[in-house]
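K.L.:
what shape does this take:
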Amino acid sequence: MQKPVIVVHGGAGAWPKERSQAGYEGVKTAAKTGFDCLNAGGTALDAVEAAVKSMEDSAAFNAGLGSALTINKKIEMEASIMDGKTLRAGATGLLRDIKNPVSLARITMENTDHILVVGEGAEKLANLYKLPRKDPMTETRLNSWRELTAKLKNDELENLPKLRKLIAKHPDLFETDTVGAVALDREGNAAAATSTGGFTLKLPGRIGDSPLIGSGNYADNQAGACSATGIGEIAIRLVLAKHVIDQMHNRKSAQKAVENAITLVHQRIGTKNSMGLIAIDMQGRIGAAHNTPNIAWAYMTPKMKEPKADLKAKQLLVETDTT
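P.N.:
This is a model prediction of the structure:
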């Protein structure tokens, strides 16, 4: 039987000093929450949902509470979840006040014939299952919106639709800190989940990679699980999470697979400060890589008393314990 392992991320991007401690502690809490679920006999699906919910409930991250605002000062959240045993998946988007979008994604997977349900239909489904509501807007995100809107009006943000150039020029302006989790349970089943509020000043109705299976996450018991964070349009164009899974299917380790995927971003898209990835393979080895200044992430295995966390994946060169 495979010992349980969980890896979480709280987003790739620039984590300024005033937010970094909250992000660091938040991913540690999420990893512990998910691992406790696994240790108690929960499934990998249960664990990634619990871990992501923990981060959705924290204003430190751009998911659930504390989500970024669109250009017209609204919030539109999205999330997905995938079961590596069955390849079932559920996703949702354009949510305004659902407390935990990842839970609605799981409801979509388990209780409908669909994978992706957004907008009015998603809201009705949430009502049917009596999901909790919460206003996700925070003063921090509101201030960020005000600052960026002022820059936009003063023509200080050039070529807004050209996101790649804009991020390269102003990497601190856009908070793309999606949250996610990947896990392997005692039965050797993999799962992945991802949730986000998108990026500040996005157009209303924009859908990123987080609810798109294969782009924002993927899980397959024949390979492993992956969750992406960063500029969603890049992950979509490269079907980045599935790219990681395919490499693990071809016997690459989780670490090598995510490093190769970041290299692919550079080769095919040619952009920096754009992406981060976490993964776990079926041997229980973990991977984390990014081309952004930081990625908030943490992991936990049975031999650890508490999760290990960092704001730079390259500072944690680890192999997890396997049976």
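
K.L.:
residue 16: neighbour count?
P.N.:
Residue 16 is flanked by 12 other residues according to other C-beta atoms under 10 Å. Where C-beta positions appear, they are placed from N, C-alpha and C, glycine not excepted.

K.L.:
I'd like the distance between it and residue 289.
P.N.:
Per C-beta to C-beta, to the nearest Å, residue 16 is found 22 Å from residue 289.

K.L.:
now swap in residue 134 and tell me
P.N.:
33 Å.

K.L.:
the more surrounded of those two?
P.N.:
Per other C-beta under 10 Å, whichever of residue 134 and residue 289 has more neighbours is residue 289, with 24 against 13.

K.L.:
quick one: pLDDT of the residue nearest to residue 44 when sequence neighbours are not counted?
P.N.:
Nearest residue to residue 44, sequence neighbours excluded (C-beta to C-beta, 6 or more residues apart in numbering): residue 191, at 3.6 Å. At residue 191, the pLDDT value in this model is 98.

K.L.:
export the helix or strand hosting residue 191 as CSV, just CAs?
P.N.:
Element membership of residue 191, judged by DSSP states H and E, is strand 190-196. Output of strand 190-196 as CSV, limited to C-alpha atoms (Å, rounded to 0.1, in the frame of the first residue of the first chain):
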residue,chain,number,x,y,z
ALA,A,190,-4.1,10.2,-7.3
ALA,A,191,-6.1,13.4,-7.4
ALA,A,192,-5.7,17.1,-8.2
ALA,A,193,-7.6,20.3,-7.5
THR,A,194,-7.1,23.9,-8.5
SER,A,195,-9.0,27.1,-7.6
THR,A,196,-8.5,30.8,-8.4
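
K.L.:
next SSE downstream of it?
P.N.:
strand 217-220.

K.L.:
send the alpha carbons of stretch 223-235 over as PDB?
P.N.:
Provided in PDB are the C-alpha atoms of stretch 223-235 (Å, rounded to 0.1, in the frame of the first residue of the first chain):
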ATOM      1  CA  ALA A 223       1.100   8.500 -14.100                       C
ATOM      2  CA  GLY A 224       0.300  10.900 -11.200                       C
ATOM      3  CA  ALA A 225      -1.200  14.300 -10.600                       C
ATOM      4  CA  CYS A 226      -0.400  17.900 -11.500                       C
ATOM      5  CA  SER A 227      -1.700  21.400 -10.600                       C
ATOM      6  CA  ALA A 228      -0.700  24.600 -12.400                       C
ATOM      7  CA  THR A 229      -0.500  28.200 -11.300                       C
ATOM      8  CA  GLY A 230       0.300  31.400 -13.200                       C
ATOM      9  CA  ILE A 231      -0.900  32.900 -16.500                       C
ATOM     10  CA  GLY A 232      -3.900  30.700 -17.400                       C
ATOM     11  CA  GLU A 233      -3.700  31.500 -21.100                       C
ATOM     12  CA  ILE A 234      -0.200  30.000 -21.300                       C
ATOM     13  CA  ALA A 235      -1.300  26.800 -19.500                       C
END
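
K.L.:
quick check: buried residues in that stretch?
P.N.:
223-235 (16 or more other C-beta atoms under 10 Å).

K.L.:
all good on my end, thank you.
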